[in-house]
Structure formats: structure tokens, C-alpha cells
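> I'll drop the sequence and a predicted model, then ask my questions.
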Amino acid sequence: MGDPSPPVEGSNIEGESPQIEPTVETDEASITDEAELERTLGLSGGLAIGIGTMIGAGIFVFPGLAAGRAGPAAAASFAIGAVVALLVALPASELATAMPKSGGGYYFISRGLGTLAGAVVGLSLWFGLVFATAFYLVGFGYYAVDTLAELGLAVGGELVIPLALLFGAGFTVLNVTGTENAAKLQNGIVALLLSILVVFLGYGGLDAAGLVGEPTAPEQFAPLGTMPILTTAALVFTSYLGFAQVATVAGEMKDPGRNLPLAMVGSVLVVGVLYVATIFIATSAFGSEQLSQFGETAMVEVGRHYLGAVGAFAIVFGGLLATMSSANASVLSTSRAIYAVSKDALLPRGASRINLRYGTPHVALGLAGGPILVLTATGRVELLAEVASFLHLIMYGLICVALIALRRNEPEWYDPDFRVPGYPVVPALGAIASFALIGFMQPASQFVGIGIMIATAGWYLYYARDVNLKGAL
Amino acid sequence: MTRILVPLAILKGESVSAGLTTLLEPMNVTVLGYHVLPEQTPPDQARLQYEERATDALEDLATEFGAADGTADYRLVFTHDRKQTFDRVAAETKSDVYAIPGATGPIDRLLVALTGDVAVQRIVSFVGELVGERDIGVTLFLATDDGPGGRELLETAAVPLANRGIDVQTELAVGEPPLEALADAAVDHDAIVMGERAPSLRTLVFGEDAERVAAESVGPVLVVRNVEESDESNKRADRAAAMKDS
């Protein structure tokens, strides 16, 4: 991997060129000419980022919305999402082991397909993460209101957005000023969430299978036909956005050749199984219509159904933690995404400045936090989720295309530790599935997504047309 | 010759006192400039911004330690985890000793604690090498519950040093809490040499012995690493070095 890379050419309109230096990657550090960068994240840290980002949406926000759209077949929608995510996670793993750098999907695409594709994906990823974080925060707001309700403080739904905004601002400030290492906390939260869910799903599963509790009348699996299954899959795909966030910290992962594929594929498998089981159990507890009326926090009623007040409290508490952990992990990913494009001169260098007082990238965190708050204020859960998915799916599809492009004409530097099984079928299916899923979204989401992509392409043409990143390692 | 690792939080302005520079000047020294980052910040991002500044400072320091004679070099690491970085670089550079810088003037007398998990013979032979022909006195210190045994150990350990013409004294603390006794004994000395201790529940709660001693005594502390414990990381470092070469 230390081979001399082709010289980087070009600069943006401010005369900044991409900062690219030859790097030797070992399992424990990245070594540049003058400095070493310690790899400090282990497999559990990687899994915590992947699972911690994903689990908030899929289990705690979507069940009611999805059941309302597709009936009990919402479980199939989640399964479709898991398959698509897996088809992308495998190629992404190969690329990540070949290029274990910060930036993740953006890095692979800019190096594999060139600067235009890279700029569109890199800047869209920024907005995609902003939409996703806003979505998690609105989910958090619903759970915060429900928590107050469980504690006997019945406040109305009008407090959802103010609470979400308050915490969104809080997270941003904490990330700028907080120098405590929260990674261990994140690992603990994810472990706690998984325990809550396994207990809950274990009991609910026995009940739903008719072994304990009251038998319930079975409902038709897909009362609304197959089309809603696909549109619901497009909506709930936001629940799977976390695995690629693992690749944004690829530069900090110990033994990346082993840990990156395990963390990405592992987190998709874990959450995929949990999601399908959760939907199955939720739709067994209530009819899907009733579930849909409970809205964003339907899972609280499911918890109450199976385990009474304790169950409701456990789910409310879990939902608070899960949506918080999703939002926080996404804010961090956003800041890394901004850093990656700014390092490559696609955004002004100032965007990746860090301050010596806290050692944090305050500009990038601000560029994440500001738009997040604006979008959170809209409170449009489904639109936020779909636009986030739209922008990520574009990246996922292009990751698969980039893999095929690199494999067809392997450059000398391309030497992944992990090679995707079933090439070329898996990446081809991954690309087709990613782009196809976009087709099942609401027109409004497609419109916003395309608008953002056109804007980013315009920015590239105006700002960084002369920058050449293809193959620049 | 023994290599000594001198880790410094370079961007926080941490530096070495003149006394320590003079003490270590004849030895092989690797100055490890490190910068610990919160998890919000990718190490690479900090490198872009601070590399030049840190490198300038490190070059000067390495010169003071004798870079011109080839006995000193430096490494610069951006990390989220300070301990992991120390262990990796110590293993890769095969440093048997690391220094906690502290503040001191000229060093006239060293306090050498034989307590710890490192073989007395290794500590004593390092001290002999460090003092060499210089006019630096050595006090061997041992805290133990076994008075006669401790006395004997101190006297045996003093022999090779005295044979080199070093002014050796001994000090025995019986039945006292070892760290407090060591801190008390440190008062009349300019620097401390001690052996590393294997991590335990106590070190988890209170921090490492060497760091507590450094905090109590203000002066520099040289810690002889527990090499058996780090055999595994040595092997890993060898593999990494092999990869780098290929």
C-alpha cells in the first residue's frame, strides 16, 4: 500500500490542493513521513458505531409507521432493507480494507470513479447525515415526551420539536467542548440496549408463538398487497444507514483488514435480525392499524402489552438511549465527512480546522449542527428519513460501481485484505438494488434528493473543477 | 546501549528540564511527541494542522539529547489513547526504559527503588550504564516487610555499582507503605529510577505507581519497563517493522 501514488493535480478556486501524502498502513498505526496516527478502535468499538447508529430508528421509531403502510408484511420490508444493506456492506468492506482512511464511501468513490462523482457523494453524504440526524432527533423528541408521560407529566405533542431542538443543540455544543472519551459510554449504551431488546423479544416471541399469554387472532400478512412492502422498504431503509458510518472511522480502526468487514457486515446482520423480530412481535401484539395509530412511539404500547408498566418503561428508556446514540454517532460521522471533502479541497480548508483548547473540529461540528437544527424544526419524520436514505443509497450504489470499476482494471495500489464473495454478482445486485429502492420513495423525497445532488454538482463545477482525485491515495 | 523513551505532550508545551537532558545525554533517546485527541477528531485532521509546529519542537529537543551524535531521534504520534501509543512505540524502538519528565536542576544523586516487578539485576545494570563515569551518587531504596532479607538484597545490589566506582548508599524501609516511603525518601534526591509494576486493581483505581511517584516527587522518574509482560507487543512490533520494510 506504500507504493508511490500518481501525483495529485489541480486546485480549487482558492488555490488549495488536496492534502495527500504517501502513507504506510500497519495494523496499529498509519505512518506518514513525519508523523504516526494511532489506530485505537477495536472490533467492539466498530460494532458499537454501526449498531449504535442504526438501532434507534429501526426499532424505536419505525414499527408503527411501517405497520400502518404495509401491515404485518412490514417485517418483509425490513428484511428487504437488510438484504440491500448486506449487498452493499460486502463491497464496502472490500474497499475499506483496500483504503482504510477517514471519509468512508466518499473516499472510495472519489478514488475509484473520479472527482465529480466523489464531490457529489461527499457533499451529499454531509447532507444525508444531516437529514438522518434530524430524523433521529425528532424520534428522540417523541420518546422524551413519552418519558415525561410515563413519569406522570403529561405534556402535549407540541413539545416534541422543542425538546428535539434543545438536545440537538446540546449534542453539538457537547461535541465541541467535551473532551471526555465518550466511546466507552457508547459501547455500554449499545450493550445495554441489546440486552433490553433480547429480553423483550425473547418474552414477546414466546407470547407471539402462543406459548404464553393470551392467543391473538392472526391477521392477514400483506393486507395491502406487495407494492406497499417495497415503498415501506424504501422508507425504513434509514434504519440501515449506520454500517457505512463504520467506514468513516476506517483510519482509526485497529487491524482494519479483519475488523472493518466484521464490524460492517456484523452490525447489519445483528440489527437486521432484531428489526425483523421486533416487527413480527409488534404486529402480533396489536393489529397493524392500531399500531399505526400509536405513531412514532408505538413500541412503548407493545412493551406495555407484553410486560406491563415495566415493559413500557424499559422501551421508553431504551428509545431515549437509542435515538440519542444514533443522533450522536451521526453528528460525529458528519464532522468526519466534512473533514474528508475539505482535506481534498472540495470545501474550504477552514472547514476542517480544529481548536487547540478542546482539540475538536468546531467548524465541521457547526456545519453539521446548524443544518440539523433547521431540519429538525420541520419535524417531517418520513421526509427526513427518506431523503437521508436517498442520499445514502446514491452513495451505496456508487460504492458498488466503484468496486466493479476498480476490479475490472486493478490499479497497482489496489490490494484489499478482504475480497467480496460472489463478484461480480454481489456488487452488481447491490448497485441495482440501491438505485431501485430510490424508485419506491415518495416523489417529494426524490425531488429534494435530486435537488441536493444537482446543487453539489454545481458546487463542484464552480469551486473545484480542476481538482483531480482519481487514484490519488 | 539501553534506549530510553521520553514521551512528551508536545503541543501542550510539555518539555524536559535541563537536568534530565544532561542525565540522559549519553544514552540512546527516542523523544515521543504525542498529542491526545478527543474521539470527535480524526488523528489525521490534527496532523494536518499541527504537524509542522510539533516537528519543529521535536527536532530541537532531539538535538539537545544528542541527535547530532546519532544517539537520539524522535517520533510524532497523534492518538486517541496515550497508553496504547506509549506501549507500541516503546516496543517498536525496543526501549527498555521510559521517562516521566518532571522538573529538576542538575542531578547529583539518584534514588533507585528496587521495589516493583522488574528484576533487581536489570535495574542495577541500567543505573550503572546511566551513571557511567559521571559524578552522580546513587541511593538504593527498598521497602519491604522482611528486614534482614531486604538488607541482604540491598547489599548484594550495591556491589556491582560500588565496583564501578559509584558512590552508593542504601536505604531500607521496613513495614511502611512502599509508595509513601519512596516519596519520603525522594526528598533528598534529584531523580528517581524504578521498575514498572504489572497492572492491578489498585493501579486501575489510583493510576500507575510511577505516575503517582512522579506527581509526589515533582522530579523526573525513569521507569524500567517490565519486558516479559510486553513480549507479545514486541512480536507485534517486529511484524509491523517487517511489513514496513517489505
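Looks like it arrived, so ask away.
> Is chain B within reach of the host helix or strand of A:Ala85?
In this assignment (DSSP states H and E), A:Ala85 forms part of helix A:74-98. No - using C-beta under 8 Å from any C-beta of the partner chain, we find that helix A:74-98 stays clear of chain B, coming within 14.8 Å at best. Heads up, the C-betas are built off the backbone N, CA and C, glycines and all.
> Output the contacting helices and strands for that helix.
helix A:62-70, helix A:105-113, helix A:227-236, helix A:243-248, helix A:256-285, helix A:381-408, helix A:425-439 (3 or more C-beta pairs under 8 Å, 6 or more residues apart in numbering or on different chains; DSSP states H and E).
> Could you pull up the contacting residues of B:Ile100?
B:210-211, B:214, B:220-221, B:223 (C-beta atoms under 8 Å, 6 or more residues apart in numbering or on different chains).
> same check, this time on A:Phe221
A:71-73.
> Among the residues you listed, which one sits closest to B:Ala185?
Closest to B:Ala185 out of the contacts of A:Phe221 is A:Pro72 (75.5 Å), distances taken as C-beta to C-beta.
> Please name the nearest non-neighbouring residue to the closest one.
Leaving aside its chain neighbours, A:Pro72 sits nearest to A:Thr283 (4.1 Å; criterion: C-beta to C-beta, 6 or more residues apart in numbering or on different chains).
> distance of the one you found from A:Phe221?
Going from A:Thr283 to A:Phe221 by C-beta to C-beta, to the nearest Å gives 9 Å.
> Give me the common contacts of these two.
A:71-72.
> Just send the contacts of A:Phe221 back as JSON lines, with neighbour count and pLDDT too.
JSON lines is the format used below for these (neighbours: other C-beta atoms under 10 Å in any protein chain shown; pLDDT from 0 to 100):
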{"residue": "A:Gly71", "neighbour count": "26", "pLDDT": "86"}
{"residue": "A:Pro72", "neighbour count": "21", "pLDDT": "87"}
{"residue": "A:Ala73", "neighbour count": "25", "pLDDT": "90"}
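> Save those residues as CSV, and put in distance to B:Leu5 too.
Formatted as CSV, the contacts of A:Phe221 follow (distance: C-beta to C-beta, whole Å):
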residue, distance to B:Leu5
A:Gly71, 64
A:Pro72, 62
A:Ala73, 62
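> Go through those and name the one nearest A:Cys400.
Nearest member of these to A:Cys400, counting by C-beta to C-beta, is A:Ala73, at 26.9 Å.
> Was I right to think the closest one contacts A:Pro228?
Yes - the pair A:Ala73 / A:Pro228 is scored as a contact, 7.5 Å apart, by C-beta atoms under 8 Å.
> got any residues that touch both of the two?
A:Ala222.
> in the sheet, who's paired with whichever residue of chain B sits closest to chain A?
For chain B and chain A, the shortest gap (C-beta to the nearest C-beta) falls at B:Thr79, measuring 3.5 Å. Beta-bridge pairing for B:Thr79 (DSSP bridges): B:Val36.
> Is any residue of whatever helix or strand B:Val205 lives in near chain A?
If you go by DSSP H and E, B:Val205 is part of helix B:201-206. No - judged by C-beta under 8 Å from any C-beta, helix B:201-206 stays clear of chain A, getting no closer than 13.6 Å.
> which parts of the helix or strand that that helix is followed by are buried?
Downstream of helix B:201-206, the next assigned helix or strand under DSSP H and E is helix B:209-217. Using 16 or more other C-beta atoms under 10 Å in any protein chain shown as the test for burial, helix B:209-217 gives B:209-210, B:212-214, B:216-217.
> picking that back up, for the residue nearest to A:Pro72, give me its contacts.
A:Thr283 neighbours (C-beta under 8 Å, 6+ apart): A:67, A:71-72, A:74-75, A:219, A:291.
> Spell out which residues of chain B are next to chain A.
Checking chain B against chain A by C-beta under 8 Å from any C-beta, the hits are B:11, B:35-51, B:54-55, B:75-81, B:84-85, B:88, B:236, B:240, B:243-244.
> And the contacts of the helix holding B:Val205?
Here helix B:201-206 has contacts from B:197, B:209, B:212, using C-beta under 8 Å, 6+ apart.
> 10 Å instead, please
Residues outside helix B:201-206 that contact it (C-beta atoms under 10 Å, 6 or more residues apart in numbering or on different chains): B:179, B:197, B:200, B:208-212.
> For B:Gly105, grab the count of nearby residues.
Residues contacting B:Gly105 under the criterion other C-beta atoms under 10 Å in any protein chain shown number 11.
> what about the closest residue to it other than its chain neighbours, helix or strand, and which?
With C-beta to C-beta, 6+ apart as the criterion, B:Gly105 has its nearest non-adjacent residue at 5.2 Å, and that residue is B:Gly19. Element membership of B:Gly19 [criterion: DSSP H and E] is helix B:18-24.
> Dump that helix to PDB, restricted to CA.
Below are the C-alpha coordinates for helix B:18-24, written out as PDB (Å, rounded to 0.1, in the frame of the first residue of the first chain):
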ATOM      1  CA  ALA B  18      18.000  20.800  31.600                       C
ATOM      2  CA  GLY B  19      18.900  18.300  34.400                       C
ATOM      3  CA  LEU B  20      17.100  15.500  32.700                       C
ATOM      4  CA  THR B  21      18.600  16.300  29.300                       C
ATOM      5  CA  THR B  22      22.100  16.200  30.800                       C
ATOM      6  CA  LEU B  23      21.400  12.900  32.600                       C
ATOM      7  CA  LEU B  24      20.100  11.200  29.500                       C
END
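> That concludes my questions; thank you for your assistance.
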